[in-house]
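Colleague: Take a look and give me a structure for this.
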Amino acid sequence: MPKARFAPALCLTLLAAFSLPQAMADDFAVARPPQWAQPVDAQYNMYQMSPTLYRSALPDDQAQPVLEKLHIGTVINFLPEADSSWLKTPGVEQVQLPYRTNHVDDADVLAALRAIQTAQAHGPVLMHCKHGVDRTGLMAAMYRVVVQDWSKEDALKEMTQGGFGENSHFKDGEKYMMQANIPKLRQALASGACSTSPFASCVVKNWLSPKV
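Modeller: Okay, here's the model as predicted:
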């Protein structure tokens, strides 16, 4: 008789255990703020940030149908390796802006934001790094703050808690963001300046370049 009572109880316990992860996932999906980037394709850690901006991990040649479906016109790559090895879709522009989050400066951010804005004039843009977490995450957060006028706190919260993945370099991105002068970045972006500092290497390089 005790065994007969034990079996149903065990079944209910197992059912609850298996149901818990799904319930937690459902709660997370419901709780995800609507202004955060929304999931598009889990295989490539791809999310939509705006009607014309997407973020992802490194795609491959199997991702081309996804890019075509989203009408991606430009792919911006933050890795040192070019996208030409996998991206064969005619008409899709490739922009390569490699950088490291532990060496990022205003010139890197301005180059990325300017590339995004320029490309958006011609259609949706996908930006990516290897995992779609640290380098892509920082530029996504800076886009939120500089272009979309989010607070640093809100952008950092999406970057670190948005479900894009865990990364030890989040601290590097947070450190840069918290010391970044947002008004100066906006001014430089609008004026076409390559940096917020008159002594930045890109400025010095322009000084030394022969005028045509």
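
Colleague: From here on, just use CA atoms for contacts and neighbour counts.
Modeller: Will do.

Colleague: so where does the spatially closest residue to Gln94 that is not a sequence neighbour fall, helix or strand?
Modeller: Leaving aside its sequence neighbours, Gln94 sits nearest to Val75 (C-alpha to C-alpha, 6 or more residues apart in numbering; 5.2 Å). According to DSSP states H and E, Val75 maps onto strand 74-77.

Colleague: just Ala107 next, same as before
Modeller: Per DSSP H and E: helix 106-120 holds Ala107.

Colleague: Direction included, what does the helix or strand just after that helix pair up with?
Modeller: Counting by DSSP H and E, the element after helix 106-120 in chain order, helix or strand, is strand 125-128. Strand 125-128 sits in its sheet next to strand 53-56 (parallel), strand 74-77 (parallel), going by DSSP bridges.

Colleague: need the contact list for the nearest residue to Leu79 once chain neighbours are set aside.
Modeller: Sequence neighbours aside, Pro98 is the residue nearest to Leu79 in space, at 4.7 Å (criterion: C-alpha to C-alpha, 6+ apart). Pro98 makes contact with 77-80, according to C-alpha atoms under 8 Å, 6 or more residues apart in numbering.

Colleague: Quick check: Pro98 is in a strand.
Modeller: No: counting by DSSP: H, G, I helix; E, B strand; the rest coil, Pro98 is not found in a strand; it is coil.

Colleague: so where's the chain uncertain?
Modeller: Within the chain, the set of residues satisfying pLDDT under 70 comprises 1-30, 207-212.

Colleague: Please enumerate the strands of it.
Modeller: 38-41, 46-50, 53-56, 74-77, 93-96, 125-128 (DSSP state E).
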